[in-house]
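> Show me how the following folds:
(2 chains)
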Amino acid sequence: MDNLDKELKIKHKVLIVENDPDIIAVILISIEGYNFLSQVASSYSKALVGLSNFQPDVILLDAMANNALNTFKLCREIRLNPQFSQIPLILLSARGQRAEIEKIHKIKVDLYIDAPFNPEELPKSMISFLEKKRT
Amino acid sequence: MESLILISSGIFSFFILIFSGLTISFILKLRIEEKTPAWLYFQWLITTLVIFLFIYSSSLILKTLPDLTNHRVNVNQFICSFMADLNTFFLILVSLVAFSYKELKMLYQAMELEKIKSEFMDKISHELRTPLTSTKGAVELLSREQESLNEKQRQLVGIIERSTNRLIRLINDLLDFSKTTSGKIELILELDSLSEVVDEVVKDLILTSKEKHLALTVETSKKIPPVFMDKVRIGQVLNNLIENAIKFTPHGGSITISLEDRKDDILCSVSDTSMSISPLDTGRIFTEFHKTAKIILAKGVAGVGLGLPLSKAIIRSHRGEIWVESVAGKGNKFIFSLPKEKRKRMRHIFSFEEATSL
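Modelled structure (predicted):
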């Protein structure tokens, strides 16, 4: 019964693409208690597997770890695949990075979160964005 | 004979046209890489050529037109002489480019170097931000658990929190400065309240000012209407100004931040009771960061001297003004203005040159 309750309460499935264990921990703790069901993918290939297995409602990616994760390639792949192209992308990025992401990498991002981010604000801005998207 | 000259000169000009086209596209390609020196060089070249072409073609028309209208010269001859003159013109163009080849090459090399530098800075920025992101996150999550900490632990968490924020600001300033000197500063403009930004910054710095027994007060005459600005950037400017005031004001002094709503803009000032800046330095401190660094070094205050030049770039890119009023023996007043006009583009990238030389 408890399990069922939990499942009913879960609002959003989020795939976290991040390779720094400390940042992963901070993200997971900060979204605790906000009814997210999360899965972490710490590499490009794991993210692709996670996409089809986990079927997330939203993807949270780290744009700063681009070299290690191939974040921009992943974003393009998600946008090109009709199965996933509708999933909103939330990008953790440095503030000065936005123009570069849009102009050079030509990726349409749904929400930017400035890094270093405030763990209080992260789940709140994610939820308010997703609610807005739903309506 | 005439037709032979005509054909050969036609072919010749065709090749020269292609060659000059390629040269121009080469310079244009440099421009596309968004480097200012090449653009300036290109502008110079084009301006010279346009003036040259104008004088040349007008003299050509003046020279041949009377003859042509009097039927003293037939059309073939006219075209022939025109083509020959055109060839001379392109020859001059080609030699102009050929002579500046060395400069172009040097420019190109300088750009390559600049590119490597900015790539390096990008890499550094990511390397520095990653541990800072987790530190900031962890500390803020810890400070959420205020009740379960004892007084001493709370104090320690506060120290880590403030130091982390300060480190983040310093790194941001450094990276922004390297970005602005080598290229761009990105603004995300939204309708925001300046007094809210002031309150946030003051909240952050009130503890530091209390440690030095300084009175930090905010004065607002009436309700300040929201303006188009980049909240984070303006926060950065205010933070720089107030932090400087705290740094330079001796124990027991006072710092006042006041906002004034004017017809076309909003004025924000940070006045303190520190030692007044010499008139010679009032202009310098915003533009020459090494000079500021010298002043800072001489006074033995912590800092790298990037804050004011960066603040100027930020305010200028908002189309505002920043200046300092200094009264001997009374203190300094740093003032900046933000225009109320509605901005069409919500996102704008400014170069440092554009921002500081407006």
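
> Chain A against chain B: which residues are in contact?
A:20, A:22-23, A:25-27, A:29-30, A:64-67, A:92, A:94-96, A:98-99, A:114-120 (Cβ under 8 Å from any Cβ of the partner chain). Quick note: C-beta positions are derived from backbone N, CA and C, even for glycine.

> How much space separates the spatially most central residue of chain A from A:T71?
By Cα atoms, centre = their mean, chain A has its centre lying nearest to A:L60, at 1.0 Å. Here the criterion is Cβ to Cβ, to the nearest Å. By it, A:L60 lies 11 Å from A:T71.

> so where do the helices sit in the chain?
You didn't pick a chain, so chain A it is. A:2-9, A:21-30, A:44-54, A:66-69, A:71-80, A:98-103, A:121-134 (DSSP state H).

> My question was about chain B, not that one.
Per DSSP H, chain B carries helices over the ranges B:2-32, B:36-69, B:75-99, B:101-144, B:151-182, B:194-211, B:231-248, B:279-287, B:289-299, B:307-317, B:352-357.

> Return the member of those helices having the minimum mean pLDDT.
Of all these, helix B:352-357 carries the lowest average pLDDT, namely a mean of 46.

> and B:F228, how many neighbours?
19 (other Cβ atoms under 10 Å in any protein chain shown).

> Just to check, it is in contact with B:I188?
No - the criterion here is Cβ atoms under 8 Å, and B:F228 misses it with B:I188 at 10.5 Å.

> any weak-confidence spans in chain A?
Counting by pLDDT under 70, the low-confidence segments of chain A come to A:1-10, A:66-67, A:96.

> go again using 80 as the cut-off
For chain A, the stretches with pLDDT under 80 are A:1-11, A:64-69, A:94-106, A:134-135.

> What separation do you get for the residue nearest to B:L267 when sequence neighbours are not counted and chain A?
Closest residue to B:L267 apart from its sequence neighbours, by Cβ to Cβ, 6 or more residues apart in numbering or on different chains: B:E260 at 4.2 Å. Distance of B:E260 to chain A, computed by Cβ to the nearest Cβ, to the nearest Å: 29 Å.

> residue contacts, B:E260?
B:221, B:266-269 (Cβ atoms under 8 Å, 6 or more residues apart in numbering or on different chains).

> If we only consider those, which is nearest to chain A?
Using Cβ to the nearest Cβ, B:C268 is the member of the contacts of B:E260 that lies nearest chain A, at 21.5 Å.

> number of nearby residues for that closest one?
26.

> can I assume it is in contact with B:S193?
No - if you go by Cβ under 8 Å, B:C268 and B:S193 don't touch, sitting 12.0 Å apart.

> buried subset of the residues of chain A next to chain B?
A:20, A:23, A:25-27, A:30, A:64-66, A:92, A:94-96, A:98, A:114-117, A:119 (16 or more other Cβ atoms under 10 Å in any protein chain shown).

> near chain A, which residues of chain B show up?
B:125-126, B:129-138, B:140-141, B:144, B:168, B:172, B:175-176, B:179, B:184-186, B:188, B:232, B:347, B:349.

> Do I have it right that B:T208 meets B:I246?
Yes - counting by Cβ under 8 Å, B:T208 touches B:I246, with 5.7 Å between them.

> who has more neighbours, those two?
B:I246 (20 against 16).

> With adjacent residues omitted, what lies nearest to that one?
Using Cβ to Cβ, 6+ apart, the closest residue to B:I246 is B:S209 (5.2 Å).

> What's the local residue count around that neighbour?
B:S209: 20 neighbours (other Cβ under 10 Å).

> how about it, what does it touch?
Here B:S209 is in contact with B:215-216, B:246, B:255 (Cβ under 8 Å, 6+ apart).

> now B:V202, nearest residue through space, not along the chain?
B:V218 (5.9 Å).

> Which pLDDT value belongs to the one you found?
90.

> From chain A, how far off is it?
Taking Cβ to the nearest Cβ, one finds B:V218 at 23 Å from chain A.

> Specify the beta-bridge partners of that residue.
B:I257 (DSSP bridges).

> Give me the number of neighbouring residues for it.
14.

> is it true that B:H126 touches A:A65?
Yes - taking contacts as Cβ under 8 Å, B:H126 lies within contact range of A:A65: 7.2 Å.

> ok, what's across the strand from B:W323?
B:I335.

> Near it, how many residues? Count them for me, please.
Using other Cβ under 10 Å, B:W323 has 15 neighbouring residues.

> Between the two ends of stretch A:33-47, what distance do you get?
The straight-line separation of the ends of stretch A:33-47 (Cα to Cα, to the nearest Å) is 24 Å.

> tell me which residues of it are tucked away?
A:36-42, A:44, A:46-47.

> what does stretch B:325-343 give?
B:326, B:331-339, B:343.

> Now for these: which two are most distant?
Across the buried residues of stretch B:325-343, the longest distance by Cβ to Cβ is 33.9 Å; it joins B:G331 and B:R343.

> With adjacent residues omitted, what lies nearest to A:A68?
A:N19 (5.2 Å).

> Now do the contacts for the nearest residue to B:S134 once chain neighbours are set aside.
When the adjacent residues along the chain are set aside, B:S134 lies closest to A:D22, with 3.5 Å between them (Cβ to Cβ, 6+ apart). By Cβ under 8 Å, 6+ apart, the contact list for A:D22 reads B:131, B:134, B:138.

> Likewise for B:T208?
By Cβ under 8 Å, 6+ apart, B:T208 lies in contact with B:162, B:243, B:246.

> And A:V17, by the same measure?
A:V17 neighbours (Cβ under 8 Å, 6+ apart): A:40-41, A:47, A:59-62, A:69, A:71, A:74.

> any idea how far B:R316 is from the nearest residue to B:R319 once chain neighbours are set aside?
Leaving out its chain neighbours, the residue that sits closest to B:R319 by Cβ to Cβ, 6+ apart is B:P339, at 5.2 Å. B:P339 is 11 Å from B:R316, where distance means Cβ to Cβ.

> That's all I had, so thanks and see you.
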